[in-house]
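Chemist: Fold the following for me, if possible:
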Amino acid sequence: MKSKGVAYLLWFFLGFFSAHRFYLGKIGSGLLYFFTLQLFGIGWVIDLFRLGGMVDIYNALHFGGGKNVNTNTNSNVNNVVVNLSGAGQSSNNNVTEQLQRLSELKASGALTDDEYNAQKAKLLS
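Modeler: Alright, predicted model coming up:
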């Protein structure tokens, strides 16, 4: 992994030679910056603000991003809870109304087919 500290040190001390860009594998822009004296000095100042992000992008592309990568692999189907008022209703009527509500949600596009089938299976079990 590339270090932001090393990149900033290279930028500060050897920036006019594009050392920080070569360090991050940006050979093409490093050569362009080198031969144009850091785009006439403007590129050196711009890199002060962009360098941290450039290191993050390099690490994400080459090392998977380390601690910044979202490792959430939860692929559970979203649960839909249908609350119906009227506690005096029978359980069969309640299930029927819940199935009807699920069908309406699916028809409106709020539920995918997989979500609909998962919720239907829960109700019928």
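Chemist: Buried residues, the lowest-mean-pLDDT helix or strand in the chain. List them.
Modeler: Using mean pLDDT, DSSP states H and E, helix 91-108 stands out as the lowest-scoring helix or strand of the chain, at a mean of 78. Residues 98-99, 102, 105-106 are the ones in helix 91-108 that count as buried (16 or more other CB atoms under 10 Å). C-beta: built from backbone N, CA, C; applies to glycine.
Chemist: biggest separation within those, which pair?
Modeler: Greatest spatial distance among these (CB to CB): Gln98 and Lys106, at 12.7 Å.
Chemist: Would you state the helices of this protein in chain order?
Modeler: 4-14, 19-23, 27-35, 37-40, 42-63, 91-108, 113-124 (DSSP state H).
Chemist: Please parse this structure into its domains.
Modeler: Residue ranges for the domains of the chain, per automatic domain parsing: 4-67, 91-124.
Chemist: Could you identify which of the ones you listed is most buried?
Modeler: Mean neighbour count, computed with mean count of other CB atoms under 10 Å, is highest for domain 4-67 among these, reaching a mean of 15.
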